[in-house]
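Student: Build me a model from this:
(one chain, ligands or ions: 2)
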Amino acid sequence: MSALSVRNLSVEFATARGTARAVQNVSFDLAPGERLGLVGESGSGKTTTALSLLRLIRPPGRIAAGEILLDGADMARATAAELRRMRGARIALVPQGAMNALNPVLTCGAQFDDLFAAHGAAGGAPRVGELLASVGLGAEVAELYPHQLSGGMKQRVCIALAIALRPAVIVADEPTSALDVIVQKQILKTLIAVQREIGAAVVLVGHDMGLMAQFAHRIGVMYAGRLVELAPVRDIFARPRHPYTRMLIDSLPGFGERGVFKGIQGQPPSLLTPLPGCPFAPRCAIAMARCGVEVPETRILEGGGEVRCHAA
Ligand SMILES: Nc1ncnc2c1ncn2[C@@H]1O[C@H](COP(=O)(O)OP(=O)(O)O)[C@@H](O)[C@H]1O
Ligand SMILES: [Mg+2]
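Tutor: Numbers count the residues shown, from 1 in each chain. Ligands and ions are numbered 1, 2, ... in the order given. Just a heads-up that it's a prediction; the model follows:
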């Protein structure tokens, strides 16, 4: 059984200039304990997808279609009371910019107490100390306010809060992007350690495919709101099938050119007036006539991957 099953998810934002189709027809399954990395350029719909999983999309955004199946319930259709029960306990978020996600006027310990109280769960100082220890922090951190902690420490507190109720799914939206490279790796290692301990599945959003490769079992590549490729890490690096995935991998700094991000050519399309055909076609070196008129369907590949490309 899947820990999470996303079926044909579409999310739209009503804007003054029209409807932005931020996520279109995204489907994926997550096995218990599995780590899925979602990558793609800025604006490709990663955060929108991640927040949708917890039904945290706020107006002018809305889930236009699809199912988000978790624990026998559909998050896309859950009532407000069901959502309150599920969030934190079944599916938890480590938000983008988690550095500012903590309540500045409460000690860290009080934020755990609030979480336990909201879910009628057993808490107390020993449990908080245990959670802090699991992310490499001392029990004294419970007495401190967020502003007394470094960025990396705040991030660790956010992770400890996310696992406090032992959710089946953890969604982490670029949890380390504001931190330096060494701290990033330490935090991701911590996230893996605690995720394994509680057996949670993880959706990790990031734009760094290199970092993602060290963390994820499978990688999903998003482009213009669509999941254009989804495959095990080994396969996606050994044989990227979508030309956009290939571009992302080629843009990674090679050995000996540490930290040189080459960037990629061209601009993603407008989400307001979607072109007919494949959204990547205008940037694609191997586009055929068909690509300009027909949206590629998802094709299942040998080895379990899938790709949305006429040419792959
Ligand atoms: N609050 C919003 N209002 C209007 N449009 C939005 C809003 N949030 C996101 N979008 C639209 O959704 C697209 C995807 O955004 P997002 O999911 O944040 O991308 P990513 O996380 O990959 O950078 C944006 O390019 C924009 O068109
Ligand atoms: Mg984002």
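
Student: G220 is in contact with L30, isn't it?
Tutor: No - counting by CB atoms under 8 Å, G220 stays clear of L30, with 10.2 Å between them. All C-beta atoms are positioned from the backbone trio N, CA, C, and that covers glycine.

Student: in the stretch 201-312 of the chain, what residue is nearest ligand 1?
Tutor: Scanning the stretch 201-312 of the chain for the residue nearest ligand 1 gives L271, at 4.7 Å (criterion: CB to the nearest ligand atom).

Student: Using the three-state scheme, assign N8.
Tutor: Here N8 is strand, with the state taken from DSSP: H, G, I helix; E, B strand; the rest coil.

Student: Could you double-check that it lies in contact with F28?
Tutor: No - in this structure, N8 sits apart from F28 without contact. The criterion is CB under 8 Å, and the distance is 10.7 Å.

Student: quick one on the thing from earlier: dump the residue contacts of the residue of the stretch 201-312 of the chain closest to ligand 1.
Tutor: L271 makes contact with A20, R21, A22, G43, A224, G225, according to CB atoms under 8 Å, 6 or more residues apart in numbering.

Student: nearest residue to the fifth one other than its sequence neighbours?
Tutor: Counting by CB to CB, 6 or more residues apart in numbering, A224 lies nearest to P279, which is 3.9 Å off, once chain neighbours are set aside.

Student: Likewise for the fourth one?
Tutor: The spatially closest residue to G43, leaving aside those adjacent along the chain, is P268, at 6.2 Å (CB to CB, 6+ apart).

Student: Now for the one you found, how many residues are close by?
Tutor: Here the count is done by other CB atoms under 10 Å, and P268 has 18 residues near it.

Student: Could you pull up phi and psi at it?
Tutor: In terms of degrees, to the nearest 10, the main-chain angles of P268 are phi -70, psi 160.

Student: N8 and F28 - which one has more neighbours?
Tutor: Counted by other CB under 10 Å, N8 and F28 do not tie: F28 has more neighbours, with 19 against 11.

Student: Give me the distance from the helix or strand that contains that one to the chain's centre.
Tutor: Under the criterion of DSSP states H and E, F28 resides in strand 18-30. Relative to the mean C-alpha coordinate of its chain, strand 18-30 is positioned 13 Å out (CA atoms, centre = their mean, to the nearest Å).

Student: before we move on, what about stretch 145-160?
Tutor: Average the C-alpha atoms of stretch 145-160, do the same for its chain, and the two points are 20 Å apart (CA atoms, centre = their mean).

Student: List the buried residues for that stretch?
Tutor: Within stretch 145-160, the residues that qualify as buried are P146, L149, G152, M153, K154, Q155, R156, V157, C158, I159, A160, counting by 16 or more other CB atoms under 10 Å.

Student: How about stretch 64-80?
Tutor: Judged by neighbour count (16+ other CB under 10 Å), stretch 64-80 contains these buried residues: G66, E67, I68, L69, L70, A73, M75, A76, A78.

Student: Can you lay out these as JSON lines showing distance to ligand 1?
Tutor: As requested, the buried residues of stretch 64-80 are arranged in JSON lines below (distance: CB to the nearest ligand atom, whole Å):
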{"residue": "G66", "distance to ligand 1": "15"}
{"residue": "E67", "distance to ligand 1": "19"}
{"residue": "I68", "distance to ligand 1": "16"}
{"residue": "L69", "distance to ligand 1": "21"}
{"residue": "L70", "distance to ligand 1": "20"}
{"residue": "A73", "distance to ligand 1": "24"}
{"residue": "M75", "distance to ligand 1": "17"}
{"residue": "A76", "distance to ligand 1": "17"}
{"residue": "A78", "distance to ligand 1": "21"}
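
Student: Farthest-apart pair in these, please.
Tutor: Maximum pairwise distance among those (CB to CB): 14.3 Å, between G66 and A73.

Student: ok so, going back, quickly list what's touching both of G220 and L30.
Tutor: When contacts are counted by CB under 8 Å, 6+ apart, the set common to G220 and L30 consists of L36.

Student: The most centrally placed residue in the chain and M75: what is the separation?
Tutor: Centroid-nearest residue in the chain, with CA atoms, centre = their mean: V205, separated by 3.2 Å. Between V205 and M75 the distance is 17 Å, computed by CB to CB, to the nearest Å.

Student: Next: G109.
Tutor: For G109, the distance to M75 equals 30 Å [CB to CB].

Student: ditto for T15
Tutor: Relative to M75, T15 is positioned 24 Å away (criterion: CB to CB).

Student: Could you look up the SS state of V203?
Tutor: Following three-state DSSP, we place V203 in the strand state.

Student: I'd guessed it sits against K46; true?
Tutor: No - checked against CB under 8 Å, the pair V203 and K46 is beyond contact range at 9.5 Å.
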